[in-house]
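Visitor: Structure, please.
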Amino acid sequence: SYDILFIILLSLGFRVIYLTFYLKLIPINIFILDQYSRVAFLCGADEVNQAVKAAKSAFGYWSKMSGMERARIMIDAAHIIENRREEIAEMEVVNNGKSITEARLDVDSARLCIEYYAGLASTLAGQHVQLAGGSFAYTRREPLGVCAGIGAWNYPFQIAAWKSAPALACGNSMVFKPSPVTPVTAVLLAEIYAKAGAPEGLFNVVQGGQETGSLLCHHPDVAKVSFTGSVPTGQKIMEMASKGIKPVTLELGGKSPLIIFEDSDVENAVKGALMANFLSQGQVCSNGTRVFVQKDILPEFVDEVVKRTRAISIGDPLLESTRMGALVSRLHLDKVLFHVQQAKAEGAKVLCGGEPFVPSDPKLRGGYYMSPCVLGDCTDDMTCVKEEIFGPVMSVLSFETEEEALRRANDTTLGLAAGVFTRDVKRAHRVVEHLKAGSCFINNYNVTPVEVPFGGFKMSGIGRENGQVTIEFYSQMKTVFVEMGDVDSLF
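Guide: I've put the predicted structure just below:
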């Protein structure tokens, strides 16, 4: 059977894709990823047209359902995810390389997101406005139609849920394209929605790279595009969507500052810095990779950060004890290692890590592992401080005054996230007010509850994921005027 073949191929070290349409898991064919983790099959115009046509058909039915009816199906999908948590998490490890502990949290986030928007589905409403003479107006919040979701490879299952849940809650359908590097778990989500009772075609998955994404963005029946990924790709998607005046949600890159003041609880500040840099092998867009530490506590902070970084357990991501798995591909590993060497050449000091890591298990010795890196003696003009590395590399910088820290923290074209550690409540809120970033953290970092909007300022994006506000990005407002008297005509 296909399932047996799937397991055999996985055991041999291959990664497998099911090509899916119509929100059924139909194994039309099986495609093996090559050694560089690229999809061996790309969906072209015919496949994209087929997927969008099915989604458009499903939209006609789904958009007519009540919010409560949509909510019941979404809640059933969340229950399936909860029951299959371990299976999905293990598949995400195979898909991405992150540790099983983190993968479980990603699955939980996906489930909670679907539950949250299921709860909002029945609350979508407009406004009644009383006018003179008994006339009145009212507004209707209506779905957009077929939405395109384009995911990133660092949180494949979670991103698929974060994009689809608000879209479906508002009455839209979705065609989702996962990253060609991590094509597997979005298909599991499609299967789950189908088993929960979603109409055929509501959530479709198309596999492919840039060409497939371009076909989605240009498709005349796609009403909106939501993308998570790099700034250059986001710029291209915005340009393509503009041809059809399509709204976009863009969650793009970051080079986020984490400011640690001398009055901080150093223990918590160190833990926050580790969470801000080493989750998912450092492959997180919101990571606080520019760690600004006030001069008086710099030695103490650096000593503790280096000590804890060296203690991070690297290896088989399926083991409970592992805290850092493999990077997503050989190409990406080489890029991150190059950034470390470039930092050294520009004067930064490698305090620990930054080298290829070879696990003791012979089966893992060809994996894309590296030791997490802390760079000291960094300055604002270094490439490692200015450019997003997207790997387990922390750059530590020193500062003296609050004003200096704010000026340097905001000296970037990006503005996805920022953080501050201090015991001074007034200072914390004062600093956050002046930080130019969409998601800010006080005395913590990389906390993303689904009830809270997530997104960036400046070149880090447009729109928001999660929270109530996202309903506005997956719906449109219609105003209706009702005349209760005679027409007062000028003619």
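
Visitor: Quick check: phi and psi at A137.
Guide: Per-residue torsions, A137: phi -130, psi 150 (degrees, to the nearest 10).

Visitor: which residues does the closest residue to E211 other than its chain neighbours contact?
Guide: Excluding the flanking residues, the one nearest E211 by CB to CB, 6 or more residues apart in numbering is L42, at 6.3 Å. (Each C-beta comes from the backbone N, C-alpha and C, glycine too.) When contacts are counted by CB atoms under 8 Å, 6 or more residues apart in numbering, L42 touches P180, Q207, G208, G209, E211, T212.

Visitor: Give me the three-state assignment for the first one.
Guide: Classification of P180 by DSSP: H, G, I helix; E, B strand; the rest coil places it in coil.

Visitor: can you count the residues close to it?
Guide: Using other CB atoms under 10 Å, P180 has 21 neighbouring residues.

Visitor: That one against Q207, yeah?
Guide: Yes: if you go by CB atoms under 8 Å, P180 and Q207 touch, sitting 6.9 Å apart.

Visitor: Could you look up the SS state of the residue nearest to E211?
Guide: At L42 the chain is in coil, as set by three-state DSSP.

Visitor: Kindly report the same for F338.
Guide: Following three-state DSSP, the label given to F338 is helix.

Visitor: do V302 as well
Guide: Assigned with three-state DSSP, V302 falls in the helix class.

Visitor: Look up how far S164 lies from it.
Guide: Remark: distance between V302 and S164 (CB to CB, to the nearest Å) = 42 Å.

Visitor: Count the residues that sit near F136.
Guide: 15.

Visitor: Just give the closest residue to F59, not the sequence neighbours.
Guide: Closest to F59 by CB to CB, 6+ apart is S173, at 4.2 Å.

Visitor: Which helix in the protein has the most residues?
Guide: Ranked by residue count, the top helix of the chain under DSSP state H comes out as helix 100-121.

Visitor: same for it, what does it pack against?
Guide: For helix 100-121, the packing partners by 3 or more CB pairs under 8 Å, 6 or more residues apart in numbering; DSSP states H and E come out as helix 67-83, helix 85-96, helix 156-169.

Visitor: Ramachandran coordinates for the residue nearest to T233 when sequence neighbours are not counted?
Guide: Spatial nearest neighbour of T233, excluding adjacent residues (CB to CB, 6+ apart): F227 at 7.2 Å. The phi and psi values for F227, taken as degrees, to the nearest 10, are phi -130, psi 140.

Visitor: Quick check: the gap between F227 and L189.
Guide: According to CB to CB, F227 stands 17 Å off from L189.

Visitor: Those two: which is more packed in?
Guide: Using other CB under 10 Å as the criterion, F227 and L189 rank with F227 on top: 29 against 25.

Visitor: can you pull the pLDDT of that one?
Guide: Looking at F227, its pLDDT is 98.

Visitor: isn't the residue nearest to T233 right next to K246, touching?
Guide: No: taking contacts as CB under 8 Å, F227 lies outside contact range of K246: 11.5 Å.

Visitor: one step back: winner for burial among the helices and strands packed on helix 100-121?
Guide: Ranked by mean neighbour count under mean count of other CB atoms under 10 Å, the helices and strands packed on helix 100-121 are led by helix 156-169, which reaches a mean of 28.

Visitor: so where's this structure shaky on pLDDT?
Guide: Scanning the chain with the threshold set as pLDDT under 70 gives 1-41.

Visitor: Spatially central residue in it, please.
Guide: Nearest to the mean C-alpha position of the chain, by CA atoms, centre = their mean, lies I159 at 4.8 Å.

Visitor: Next one: it from G149, what distance?
Guide: Remark: distance between I159 and G149 (CB to CB) = 8 Å.

Visitor: just V305 next, same as before
Guide: According to CB to CB, V305 stands 37 Å off from G149.

Visitor: Double-check that L189 belongs to a helix.
Guide: Yes: under three-state DSSP, L189 sits within a helix.

Visitor: Surely it and P156 touch.
Guide: No: the pair formed by L189 and P156 falls short of the contact definition of CB under 8 Å, at 9.3 Å.

Visitor: Pull the contacting residues for the nearest residue to F261 once chain neighbours are set aside.
Guide: What sits nearest to F261 in space, not counting adjacent residues and going by CB to CB, 6+ apart, is T422, at 4.1 Å. T422 makes contact with F261, D263, S264, A428, V431, I442, N443, according to CB under 8 Å, 6+ apart.

Visitor: cool, and G133?
Guide: With contact set as CB under 8 Å, 6+ apart, G133 has these partners: M484, G485.

Visitor: Ok, the one 10 residues further on next?
Guide: Under the criterion of CB under 8 Å, 6+ apart, the contact list for P143 reads F59, S63, C170, G171, N172, Y474, S475, Q476.

Visitor: pretty sure the second one contacts N172?
Guide: Yes: S63 lies in contact with N172 (CB under 8 Å); the separation is 7.4 Å.

Visitor: So for these two, which residue has more residues nearby?
Guide: N172 (25 against 16).

Visitor: any idea how far the more buried one lies from G253?
Guide: From N172 across to G253, the span is 26 Å (CB to CB).

Visitor: and W153, that one's in a strand?
Guide: No: assigned with three-state DSSP, W153 falls outside any strand and is coil.

Visitor: returning to what we had before: drop anything exposed from the contacts of T422.
Guide: Buried residues within these, defined by neighbour count using 16 or more other CB atoms under 10 Å: F261, S264, A428, V431, N443.

Visitor: Could you measure from the fourth one over to I297?
Guide: Think V431. With distances taken as CB to CB, V431 is found 16 Å from I297.

Visitor: Then C378?
Guide: From C378 to I297 the distance is 16 Å (CB to CB).

Visitor: Please produce JSON lines containing the helices and strands packed on helix 100-121, extended by distance to C285.
Guide: JSON lines is the format used below for the helices and strands packed on helix 100-121 (distance: least, CB to CB, whole Å):
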{"stretch": "helix 67-83", "distance to C285": "23"}
{"stretch": "helix 85-96", "distance to C285": "14"}
{"stretch": "helix 156-169", "distance to C285": "11"}
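
Visitor: quick one, which of these is nearest to T383?
Guide: Nearest to T383 among the helices and strands packed on helix 100-121 is helix 85-96; the distance by CB to CB comes to 26.4 Å.

Visitor: other SSEs contacting that closest one?
Guide: Packed against helix 85-96 by the contact rule (3+ CB pairs under 8 Å, 6+ apart) you find helix 100-121, helix 156-169, helix 185-196.

Visitor: Kindly recompute the last result at 10 Å.
Guide: For helix 85-96, the elements it packs on are helix 2-11, helix 67-83, helix 100-121, helix 156-169, helix 185-196, judged by 3 or more CB pairs under 10 Å, 6 or more residues apart in numbering; DSSP states H and E.

Visitor: Out of those, which is closest to M324?
Guide: Of all those, helix 100-121 comes closest under CB to CB, at 9.3 Å.
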